[in-house]
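A.B. asks: fold the following, please.
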Amino acid sequence: MKSDLIKWVDENGEKFLRKIGIRKGYTVLDFGCGRGHYTIPISKVVGNIGIVYALDKNKSALSELKKIIAKEEIKNIELINNIKDSSLGDKSVDVVLCYDVLHYMKSSDRKVIYKDIRRVLREKTLFSVYPKHCKGNLPSGELADVSIEAVTEEIENAGFVLAKKFQSKLLHDGSFEEGFILNFRKGG
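C.D. replies: Model (predicted):
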């Protein structure tokens, strides 16, 4: 398990993030960043001219990420714990990554979050979702009885357009696994 995490942070994560569409110079919001397993590779991909907003309501996880950032002397990550109270303005973000977090939220809360994500995303930019723990994929929490198709429809009803659905090897809880990624564009 530990070796998967090291491989991810040092190499595989950057390849994966480029594959989904993150580029040098982008501004990225890692929504539900946890301890930064995606945040750190994102910071490498966007480089010193890009910025990563690492958002999590878990202050303990943000504290751990803050220590890693300081130790690694990473300068392009800003920690936030609320999308509304952050420095994120309207149309200020190129990509929002929302991986393995939707199952923690009730449907009504997800609708509010989608609205906030639409607000911060620039036009025709990327909203990438990994809907782990939905029906058929280790069901858990609020998505236990919700299919991936229903998650897709819910996000489309919030004003996004599914641009691409694909399966890929990615990191989940410190280990590699195959999962479906849903890439949406902000609709008009």
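A.B. asks: and the residue of the chain positioned farthest from its centre, how far from Asp56?
C.D. replies: What lies farthest from the middle of the chain is Lys71; by Cα atoms, centre = their mean that is 23.0 Å. Counting by Cβ to Cβ, to the nearest Å, the separation of Lys71 from Asp56 is 19 Å. Using the backbone N, CA and C atoms, a C-beta is placed for each residue, glycine as well.
A.B. asks: same question for Asp4.
C.D. replies: 21 Å.
A.B. asks: the spatially most central residue of the chain: which element?
C.D. replies: Among the residues of the chain, the one closest to the centroid is Leu97, at 2.2 Å (Cα atoms, centre = their mean). Per DSSP states H and E, Leu97 falls inside strand 93-99.
A.B. asks: in its sheet, what does that strand sit against?
C.D. replies: strand 27-31 (parallel), strand 121-130 (parallel) (DSSP bridges).
A.B. asks: contacts only, for the residue nearest to the centre of the chain.
C.D. replies: Val28, Leu29, Asp30, Phe31, Tyr38, Ile42, Ser128 (Cβ atoms under 8 Å, 6 or more residues apart in numbering).
A.B. asks: the third one bridge partners, please.
C.D. replies: Beta-bridge pairing for Asp30 (DSSP bridges): Ala54, Leu97.
A.B. asks: for it, what are its contacts?
C.D. replies: Neighbour list for Asp30: Gly36, Tyr38, Thr39, Ile42, Val52, Tyr53, Ala54, Leu55, Leu97 [criterion: Cβ under 8 Å, 6+ apart].
A.B. asks: the last one too?
C.D. replies: Ser128 sits next to Ile20, Gly21, Val95, Val96, Leu97, Cys98, Tyr99, Ile181, Leu182, Asn183, Phe184 when contact means Cβ under 8 Å, 6+ apart.
A.B. asks: can you tell me which residues contact the closest residue in space to Lys106 that isn't next to it in sequence?
C.D. replies: Once flanking residues are discounted, Lys106 sits nearest to Glu142: 5.6 Å by Cβ to Cβ, 6 or more residues apart in numbering. Contact analysis of Glu142 by Cβ under 8 Å, 6+ apart lists Leu102, His103, Tyr104, Met105, Lys106, Ser107, Arg110.
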